[in-house]
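[1] the following block contains a protein sequence and its predicted model.
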Amino acid sequence: MAIRAVLWDIDDTLFDYTGSDRTGVLRHLAAEGLLTAQESEEHALRLWGEVMESAFGRFLAGELGFLEHRRERARGFLGEPLPDDEADAWFGRYVEHYEAAWTLFPDALPALDALADGYRHGVLSNSSLSNQDRKLRILGLRDRFEVLLCADELGCAKPAAEAFLAGCDALGLPPEQVAYVGDRVDVDARGATEAGLLGIWLDRADAGDVSGLPRITGLDRLPALLRGDTRFGAPSTIG
């Protein structure tokens, strides 16, 4: 059955989250006078990432709201039991640097343009709805998508099949007519595949075909893969 719609991941798929976050963190820590206290920039970034993964994991598990997870990131990085208002202010200063560095990947707009006429489009993200809606509007992408679904509103998160199926329901299409494109092989591509969608792994680092799933190394390769969907035959070798 032909693919009629594409559901997209945002962070590190269309939007360069890792690059924007790295720039924002380093600028924030430098402005706060905290960077020189770290062993190195890489050590600071590693600690920031570890704290983020822990707090974000608790957000996805429903243990923390999105704002609370940000407070826990501030407290975890600083190692201090900050009151809410101080944690909000500290993290808010990071957000200013982070947002100033926001950028799309160079292949994002060309891919969306190339697929605009032949496919419907939506977003399924593990972040918060308000956060991703604002991000897409600032980046000039919000009008590209019919639907925007996020974990905090859905009550479930990728790779749960319920999350992907909610995206299909919002589009009014069966899973076999929907592709999902994301940068995480298990959370995005494999999760989508197991839910019945065409899961496509965006392997920007060209790590190699370790998944047995359709793989592309850039969004410029997505139109050709969708036109040659081989879900009922051998996996696509495009990569």
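    It's in. Just so it is clear, the structure is predicted and the values come from calculations on it, not from any experiment.

[2] C-alpha only now, for contacts and for neighbours.
    Will do.

[3] quick one, phi psi at Ala205?
    phi -80, psi 0 (degrees, to the nearest 10).

[4] give the contact list for it.
    The contact partners of Ala205, taken as CA atoms under 8 Å, 6 or more residues apart in numbering, are Thr217.

[5] same thing with Ser127?
    Residues in contact with Ser127 (CA under 8 Å, 6+ apart) are Cys150, Ala151, Asp152.

[6] mind putting those residues in JSON lines, pLDDT and neighbour count included?
    Shown next, in JSON lines, are those (pLDDT from 0 to 100; neighbours: other CA atoms under 10 Å):
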{"residue": "Cys150", "pLDDT": "98", "neighbour count": "23"}
{"residue": "Ala151", "pLDDT": "95", "neighbour count": "20"}
{"residue": "Asp152", "pLDDT": "93", "neighbour count": "20"}
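
[7] any regions of this structure where pLDDT drops low?
    Across the chain, the ranges flagged by pLDDT under 70 are 229-239.

[8] all strands of it, in order?
    5-8, 120-125, 147-150, 178-182, 198-202, 215-216 (DSSP state E).

[9] dump these into CSV; add distance to Ala224 as well.
    Putting the strands of the chain into CSV (distance: least, CA to CA, whole Å) gives the following:
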stretch, distance to Ala224
strand 5-8, 14
strand 120-125, 16
strand 147-150, 24
strand 178-182, 13
strand 198-202, 12
strand 215-216, 10
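
[10] in the protein, which spans are helices?
    For the chain, applying DSSP state H gives helices covering 17-31, 41-60, 66-78, 84-100, 108-115, 129-138, 151-154, 161-171, 191-194, 222-227.

[11] so which of those is the most surrounded?
    Most buried of those by mean neighbour count (mean count of other CA atoms under 10 Å) is helix 191-194; its value is a mean of 22.

[12] now Leu112: how far from Gly118?
    Distance of Leu112 to Gly118, given as CA to CA, to the nearest Å: 10 Å.

[13] repeat for Gly49
    Distance from Gly49 to Gly118, counting by CA to CA: 38 Å.

[14] what is the neighbour count of the closest residue to Trp8 other than its chain neighbours?
    Excluding the flanking residues, the one nearest Trp8 by CA to CA, 6 or more residues apart in numbering is Val123, at 4.7 Å. If you count neighbours by other CA atoms under 10 Å, Val123 ends up with 22.

[15] one more: Thr103?
    By the criterion of other CA under 10 Å, Thr103 has 14 neighbours.

[16] quick one, phi psi at Ala160?
    When read as degrees, to the nearest 10, the backbone of Ala160 gives phi -60, psi 130.

[17] I meant Ser40, not that one.
    Ser40 adopts backbone torsions of phi -170, psi 170, taken as degrees, to the nearest 10.

[18] ok, now which ones touch Leu165?
    Pro175, Ala195.

[19] next one: the one 5 residues further on
    Ala170 makes contact with Val147 under the criterion CA under 8 Å, 6+ apart.

[20] tell me how many other residues surround Asp11.
    Each residue near Asp11 was counted by other CA under 10 Å, and the total is 17.
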